[in-house]
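Trainee: Pasting a predicted model and its sequence here:
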Amino acid sequence: MRRLALLLLIAVIALSPLAALAADAVPTEKDSVAAARAVRLSEKLRCLVCQNQTIADSNAELAQDLRRQIHEQIAAGRTDDQIVEYMVARYGDFVLYQPPVKPTTWLLWAGPALLLLAGIFGLVRILRARRAQADAPPLTADERERAARLLAGDTGKDRS
Amino acid sequence: MSKKLLIPLGVFVVLCGFLLVGLWRDPREVPSPLIGKPAPAFVLAQLHEPAKTLGTADLKGQVWLLNVWASWCVSCREEHPLLVELGKSKVVPIVGLNYKDESAAGKRWLVQNGDPYNVSVMDRDGRVGIDWGVYGVPETFVVDKTGTIRYKQIGPITAEALETKILPLVRELQKS
């Protein structure tokens, strides 16, 4: 009797994940498209509570609420742009992981390119200076003779 | 020293300047896009009399504060004595937005800590909070007579913020 009860218990425990599965509605085609859209959108938006996470990643209550908002608005037939606008109107550009291009962010967007240009400019200047050095006029006869003397001389003494 | 060496030094000093300024700024304070905009409308049930509602329309024509609070909010306790005092002074009506809270817990919290609010309304699921761009409780908004948001305090009100920003602004708005 006892063994039977134990077996039953094991069976119940083993099957319980199935019960959890059954509780979830089977998504229809349309649902899965909407779900993918919701995930894509929530990955673009920053959670303001834990600022280095997207609202897709964050478990903060606000992130959960905002995910709910996204789901509801998708269900209501709003476009991605409208939903993003809705978030920006409430939380500012800061909610966007990708900052919009506008006068205050021009430097931010152009910065890497400007730095690259500055680097190329500097490199070109250094290379030109080197080439100018390499192209320096050859030694005069006097200098050549002096160099030969130095080379022929006792190098061991020079190194001491 | 050659002039060429001064360039990296100059860049370094400027960078240090930026970093130094950054040290004193609070990254949690995200400027609200709602300042200067009409306060998002709401009509919510009152905490103490759930049968009655209070809406933004009822508050038109006066300067008022919206203080977002909750019984689960730890730093609300920090600012609460200041609010209680402000409530007693009757300088400006304070509306409490009881954010994502249980009404029983909220009422008990007000009994324990004092109730500075003219009215508290319940935002159980946080929807009004989202409309107002609330992300860190407590938050306090100053709304003018026309129903425009003029100031937002993120995090607890400090005595300094109250004296130097909120009260002067409220007085100025009340005169206009």
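Mentor: Noted; the coordinates are in hand.
Trainee: Just give me the residue closest to the centre of chain B.
Mentor: residue B:140 (1.6 Å; Cα atoms, centre = their mean).
Trainee: For the residue in chain A positioned nearest to chain B, give me its contacts.
Mentor: Proximity of chain A to chain B (Cβ to the nearest Cβ) peaks at residue A:48, 3.7 Å away. For every residue, glycine as well, the C-beta is placed using N, CA and C. Listed by Cβ atoms under 8 Å, 6 or more residues apart in numbering or on different chains, the contact partners of residue A:48 are A:62, A:91, A:94, A:95, B:30, B:135, B:136.
Trainee: so the residue nearest to the centre of chain B makes contact with residue B:65?
Mentor: Yes: using Cβ atoms under 8 Å, residue B:140 is in contact with residue B:65, at 5.9 Å.
Trainee: any common contacting residues for the two?
Mentor: Going by Cβ under 8 Å, 6+ apart, residues that sit against residue B:140 and also against residue B:65 are residue B:166.
Trainee: Identify the residues contacting the longest helix that chain B contains?
Mentor: In chain B, assigned by DSSP state H, the helix with the most residues is helix B:3-23. Residues from elsewhere that reach helix B:3-23 (Cβ under 8 Å, 6+ apart): none.
Trainee: next SSE after that helix?
Mentor: strand B:43-45 (DSSP states H and E).
Trainee: Adjacent strands (with direction) for that next one?
Mentor: strand B:53-55 (antiparallel) (DSSP bridges).
Trainee: ok, and for the strand it pairs with, which residues are buried?
Mentor: Within strand B:53-55, the residues scored as buried using 16 or more other Cβ atoms under 10 Å in any protein chain shown are residue B:54.
Trainee: got it, and stretch B:147-159?
Mentor: Within stretch B:147-159, the residues that count as buried by 16+ other Cβ under 10 Å are B:147, B:149, B:150, B:151, B:152, B:153, B:154, B:155, B:156, B:157.
Trainee: for the fifth one, phi and psi?
Mentor: Comment: the main-chain dihedrals of residue B:152 come out as phi -140, psi 130, following degrees, to the nearest 10.
Trainee: which residues does it bridge with?
Mentor: Taking DSSP bridges as the rule, residue B:152 bridges to residue B:141.
Trainee: That one: what's it in contact with?
Mentor: Shown in contact with residue B:152 (Cβ under 8 Å, 6+ apart): B:32, B:34, B:35, B:139, B:140, B:141, B:142.
Trainee: Against chain A, how distant is the fourth one?
Mentor: Yep, that's residue B:139 we're talking about. The gap separating residue B:139 from chain A is 11 Å, by Cβ to the nearest Cβ, to the nearest Å.
Trainee: For that residue, the count of nearby residues, please.
Mentor: Applying other Cβ atoms under 10 Å in any protein chain shown, we find 23 residues neighbouring residue B:139.
Trainee: and if you look at the last one?
Mentor: The number of residues packed around residue B:142, counting by other Cβ under 10 Å, is 23.
Trainee: Do you know the pLDDT at it?
Mentor: pLDDT for residue B:142: 96.
Trainee: ok, now residue A:50?
Mentor: At residue A:50, the pLDDT recorded in the model is 82.
Trainee: ok, back up a step: tell me the one among the buried residues of stretch B:147-159 nearest to chain A.
Mentor: Using Cβ to the nearest Cβ, these come closest to chain A at residue B:154, 9.9 Å.
Trainee: I'd say the closest one and residue B:34 touch.
Mentor: No: between residue B:154 and residue B:34 there is no contact under Cβ under 8 Å: 11.9 Å.
Trainee: Does anything pack onto the helix or strand residue B:67 falls within? Which helices or strands?
Mentor: Using DSSP H and E, residue B:67 maps to strand B:64-69. Counting contacts by 3 or more Cβ pairs under 8 Å, 6 or more residues apart in numbering or on different chains; DSSP states H and E, strand B:64-69 packs against helix B:74-89, strand B:94-99, strand B:139-143.
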